[in-house]
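[1] Here you go, sequence then predicted model.
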Amino acid sequence: MRCATVSSASAGRSSASALPPRRVRRHGSSVGALLGLVAVLGCLLSLPAARGEDGYRLWLRYDPVVDPAVRQAYVEALGEIVIAEPTGPEMPAATLAAARDELVHGLRGLLGTDVPVRPTATAPGALLVGTTANAALLALVTETDLRAAGPEGYIVRQVKVDGRSRILLLANHEVGVLYGAFALLRHLQLGEPLTGLNLVSAPRIQRRLLNHWDNLNRTVERGYAGQSLWDWFILPDYLSPRYRDYARACASLGLNGTVLTNVNANALVLTPAYLEKVAALAGVFRPYGIRVYLTARFSAPKEIGGLPTADPLDAGVKRWWRAKVDEIYRHVPDFGGFLVKANSEGQPGPQDYGRNHADGANLLADVLAPHNGVVIWRAFVYDANVPDDRAKQAYTEFRPLDGQFRDNVIVQVKNGPIDFMPREPFHPLFGAMPRTPLCAELQITQEYLGGAANLAFLAPMWSEVLTADTQAAGPGSTVGRVVDGSFDLHGISMIAGVANLGSDRNWTGHPLAQANWYAFGRLAWDHTLPPAAIANEWTRLTYGNAPAVVAPLTRMLLESREAVVNYEMPLGLHHLMAEGHHYGPGPWVDHLPRADWNSVYYHRADAQGIGFDRSANGSNGVAQYATPVAQLWGDPARCPDEFLLWFHHLPWDHRMRSGRTLWDEICLHYQLGVDTVRAWLPLWAGVQDRVDAERWAHVDALLRRQEQDARTWRDACILYFQTFARRPIPNGVEQPEHHLEYYKAIQLRYVPGDPSAK
Ligand code: BDP
């Protein structure tokens, strides 16, 4: 007997693609539910407790439903898939076909049986799938439903048709059907009941993008999971099945755009040979609702166009970009637009010609507009002149330009004003540019949080920022509402996440880092989702619904970001990492050519105390925030502990809310970080029998590594700061294992993702 369970379980290992080639049974006879049940049970019984699994299938595992009663209910409700489009089940348009294929594949795995696809319902249980183009399906919903679903959302609902219970999957457009298919499959993977099912959902943000910092030579800037997914050399001749699985995973979260190339851009990607390759990838992604974007190097007219200048106001430069953009759209008719890093970290830009960011962005916006393309212009800038406070620079440069950008320009702002630190206050530009759509740029790849070696579930960090209240126009002006456009009533909205993906078989290096891809996608769809709900959902999809696994693993996920903050940079400390690769501690870094590349610039530890004074007595960076926020954060007595040393330089004996001195508090936070990680080891050991051996061992080894890393961070930072504080390490904090010189001498070589590594 061919065992469906085993073939499904091993799919991730044996086949390059998690989604098998199309095999859609039309008009086939309904498979006996009982036979299927017996087959699955038989397979389950014959399986060892823990199978090897390499993580390739991500959260789209579609393993057989474990509870027989639940599975039986699913089989009865979903006996067939009815594609109710005018085009019929054989020839649906590409996106509907993708939805159909996913449903067929998913239900086969979950139910252990092939569910037939038909044009009309014949079985007692049926899944009715279609868009509002189908009058019969349309009649099953209300105008309110359709408005709630919007252009990309869906309605997945139990309905009655001719007295029979059906599951309806309906959307205004095909892409909504695809998203609804994934939502239904998620619901089934979670083992939730179909009775009373009613999922009506639409994304809050229009453009939900991954940013790949991938180079054409397949290295990935700040990438820790192998090479770039894009095999540029072989493209367009061979299309790895992995491209489709990438698109499926993105679509399962509702992500609808991907920037293929590094923000530190290479103009070559705009040459004809590369545009062929880009077009090939776009062709794979298109059915999954994913549009391709590219990074545009501002000096491209010179580098690949042979022009003497890239001045944005030069007529020849404008002509060149117009022709280039027209050429791109001939290759990729639904091309999304350009992402541009200009006049930052040595990248070329309009300031090279005495122009400003709006001049640069508008040049590209004008030539993209006829094609409905957008320019995403990054606000992560710092120029050759080191300012008094780097945290102030983006605001200083961009706020005066509010209102000067074309309608199809989006300014992309990192979550915080420095650079993806483990904790930053929200970026002061949010709420400060009401006439410009602002995109929140989040970093999924863990550049400053231990790369792919350490667990740091980032939903709490992102949620903290998205729910932060800018108070730009009174209470309720959250970053999330600025970004989704509802606050300033923008017609365009966007969120971006710097991807943590690579060619590693499990996509993200650390098996648990998949949760960050997942969390970014879920928050991009709905930024109000609670991190705990996302953690719970991801854990169950990826490691099964057994509470004995779900409880400890979600606990670890939810504790992890704060643990990293504590053992790396507690109480508002920031930018303490080692230079170049950014892995591990380097609070002593003081020799780099720019002042603001050095750790000492940020912590400012001296005999008196520690912290960056951004209050009115210092750089006054706090004044870039709305008054109520500035008043709160600007007053050391009221500033929350987590931002204290971000905004204030305080004496070592400063009395904290806890009653302890600042010095003791810093030390105890470092210890708490270590203790939190340490407590995960027995938790993870406790699930050994319930998780497949391969993923379990991988995570176990990485948690041990993290415990070591946490101790290194703690000891290095405490010893270094002690040279200024000259106070004893308080009770409750372990004594460092080595002397400070030992930590300072650590020279890591060939850390992945380091653009400066040779
Ligand atoms: C920093 C990274 C650098 C990126 C830069 C950026 O260290 O590699 O190029 O951000 O966002 O975090 O442009």
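    Ah, there it is. Quick caveat, the model's predicted, so the values are computed rather than measured. Residues are numbered from 1 along each chain as shown.
[2] where's the nearest residue to T661 once chain neighbours are set aside relative to G732, distance?
    In space, T661 comes closest to D653 once its chain neighbours are excluded; the distance is 4.9 Å by C-beta to C-beta, 6 or more residues apart in numbering. C-beta: built from backbone N, CA, C; applies to glycine. Here D653 is placed at a distance of 18 Å from G732 (C-beta to C-beta, to the nearest Å).
[3] What of V381?
    In terms of C-beta to C-beta, V381 sits 43 Å off from G732.
[4] Next, the buried residues of stretch 186-200.
    Within stretch 186-200, the residues scored as buried using 16 or more other C-beta atoms under 10 Å are 186-189, 191, 194, 197, 199-200.
[5] any idea whether Q412 is helix, strand or coil?
    Classification of Q412 using DSSP: H, G, I helix; E, B strand; the rest coil returns strand.
[6] What strand or helix carries the nearest residue to it once chain neighbours are set aside?
    Of all residues not flanking Q412 in the chain, C439 sits nearest, at 4.3 Å (C-beta to C-beta, 6+ apart). Here C439 sits within strand 438-443, counting by DSSP states H and E.
[7] Now do the end-to-end distance for stretch 418-427.
    8 Å (C-alpha to C-alpha, to the nearest Å).
[8] again but with stretch 592-606, I slipped
    19 Å.
[9] So is it next to the ligand?
    No: for stretch 592-606 and the ligand, the contact criterion (C-beta under 6 Å from any ligand atom) is not met; the two come no nearer than 10.1 Å.
[10] residues making contact with the strand holding C439?
    Applying C-beta atoms under 8 Å, 6 or more residues apart in numbering, the contact partners of strand 438-443 are 207, 211, 222, 376, 378, 380, 410-415, 420, 429-430, 458, 462, 465-466, 479, 482-483, 493-498, 520.
[11] That one pairs with which strands?
    When sheet partners are counted by DSSP bridges, strand 438-443 sits next to strand 409-414 (parallel), strand 494-498 (parallel).
[12] hey, C-alpha coordinates of it in CSV?
    In CSV, the C-alpha atoms belonging to strand 438-443 read as follows (Å, rounded to 0.1, in the frame of the first residue of the first chain):
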residue,chain,number,x,y,z
LEU,A,438,5.8,56.5,4.3
CYS,A,439,6.8,52.8,4.1
ALA,A,440,8.0,51.1,7.2
GLU,A,441,11.2,49.2,6.5
LEU,A,442,11.7,46.3,8.9
GLN,A,443,14.7,44.0,9.0
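[13] Now do the buried residues in that strand.
    Quick answer for strand 438-443 (16+ other C-beta under 10 Å): 438-443.
[14] With pLDDT added, can I get those in CSV?
    Listed next are the buried residues of strand 438-443 as CSV, based on pLDDT from 0 to 100:
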residue, pLDDT
L438, 98
C439, 98
A440, 98
E441, 99
L442, 99
Q443, 98
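[15] for the residue in the stretch 51-200 of the chain positioned nearest to the ligand, helix, strand, or coil?
    The ligand sits closest to L58 of the stretch 51-200 of the chain, with a gap of 25.6 Å, by C-beta to the nearest ligand atom. Following three-state DSSP, the label given to L58 is coil.
[16] W462 against R522, yeah?
    No: under the criterion of C-beta atoms under 8 Å, W462 makes no contact with R522, lying 10.1 Å away.
[17] could you redo the buried residues of stretch 186-200 as TSV and give each row pLDDT, secondary structure and distance to K277?
    Shown next, in TSV, are the buried residues of stretch 186-200 (pLDDT from 0 to 100; DSSP: H, G, I helix; E, B strand; the rest coil; distance: C-beta to C-beta, whole Å):
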residue	pLDDT	secondary structure	distance to K277
R186	98	helix	33
H187	98	helix	37
L188	98	helix	37
Q189	98	helix	35
G191	97	coil	42
L194	97	coil	43
L197	98	coil	42
L199	98	strand	38
V200	98	strand	39
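[18] how about TSV for those, with distance to the ligand added?
    Converted to TSV, these look like this (distance: C-beta to the nearest ligand atom, whole Å):
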residue	distance to the ligand
R186	32
H187	37
L188	39
Q189	35
G191	40
L194	45
L197	42
L199	36
V200	37
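[19] now, which of those sits nearest I304?
    Closest approach to I304 among the buried residues of stretch 186-200 (C-beta to C-beta): R186, at 43.8 Å.
[20] where does the closest residue in space to that closest one that isn't next to it in sequence land in three-state SS?
    With C-beta to C-beta, 6+ apart as the criterion, R186 has its nearest non-adjacent residue at 6.7 Å, and that residue is L541. Assigned state for L541: helix (three-state reduction, three-state DSSP).
[21] What segments of the stretch 151-300 of the chain are helices?
    Applying DSSP state H, counting those that start in this stretch to the stretch 151-300 of the chain gives helices spanning 174-189, 241-253, 272-285, 300-303.
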